[in-house]
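A.B. asks: return a 3D structure for these sequence lines:
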Amino acid sequence: MTGEPTIKFTFAIDDPELDDERQQKIASKQLLREIRDLNEVEKADRTEDLNPEAGSKGFATLIGVLTAEVSIKNVKGFLSFLGDRLGDKPMKISVKVGDKEVNIEAKSQRELLESERIAKDLLAAMGDGKNG
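C.D. replies: Got it, this is the predicted structure:
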């Protein structure tokens with residue numbers, strides 16, 4: 001870990017034409033493996049379901065939802081990677097810095113890259129966005 005603040009991105013493909021099985025395959029089998037191999041990503045995993053159904057046992061994950069922690073200097077590279085891999089598939093993204101969180105719906109690569117600005121704005125609002 002570099003000691004730099006990290007930004008947590010939680011994201012899912014939000015395509016109503018894809019069933020749960022297909023979304024899970026895209027996210028968990030293909031995308032998660034590729035994201036874990038990226039130098040830009042400090043940590044990547046499936047997203048835990050914080051509100052599992054009553055009576056369920058064990059660790060539950062949300063279908064097709066992934067979380068990646070990225071340092072501020074690597075945000076643009078990470079988002080470019082996502083845009084290249086997912087193209088024009090609609091996505092829901094949660095950008096979390098510290099205790100501040102913003103939810104974004106991106107329907108294009110341009111909208112996806114907008115989350116970089118939002119992450120930097122969150123860092124600046126927290127006073128952690130100092131250069132040097």
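A.B. asks: buried sites along the longest strand along the chain?
C.D. replies: Among the elements of type strand in the chain, defined by DSSP state E, the one spanning the most residues is strand 61-71. For strand 61-71, the buried set under the neighbour-count rule, 16 or more other C-beta atoms under 10 Å, comprises Thr61, Leu62, Gly64, Val65, Leu66, Thr67, Ala68, Glu69, Val70, Ser71. Glycine gets a C-beta too; all of them are placed from N, C-alpha and C.
A.B. asks: again, but for stretch 95-106
C.D. replies: Of the residues in stretch 95-106, those scored as buried under the neighbour-count criterion (16+ other C-beta under 10 Å) are Val95, Lys96, Val97, Ile104, Ala106.
A.B. asks: now, which of those residues lie within helices?
C.D. replies: Residues of these located in helices (DSSP state H): none.
A.B. asks: the lengthiest helix in the chain versus strand 61-71: what angle between them?
C.D. replies: Looking across the chain with DSSP H, the single longest helix is helix 109-126. Angle of helix 109-126 versus strand 61-71, following axes from the mean of the first three to the mean of the last three C-alpha atoms, to 10 degrees, is 60 degrees.
A.B. asks: list the contacts of helix 109-126.
C.D. replies: With contact meaning C-beta atoms under 8 Å, 6 or more residues apart in numbering, helix 109-126 is reached by 5, 7, 9, 72, 75-76, 79-80, 82-84, 86-88, 91, 93, 95, 97-98, 100, 102, 104-106, 129.
A.B. asks: surely Ile35 touches Glu42?
C.D. replies: No. Counting by C-beta atoms under 8 Å, Ile35 does not reach Glu42; the two are 10.9 Å apart.
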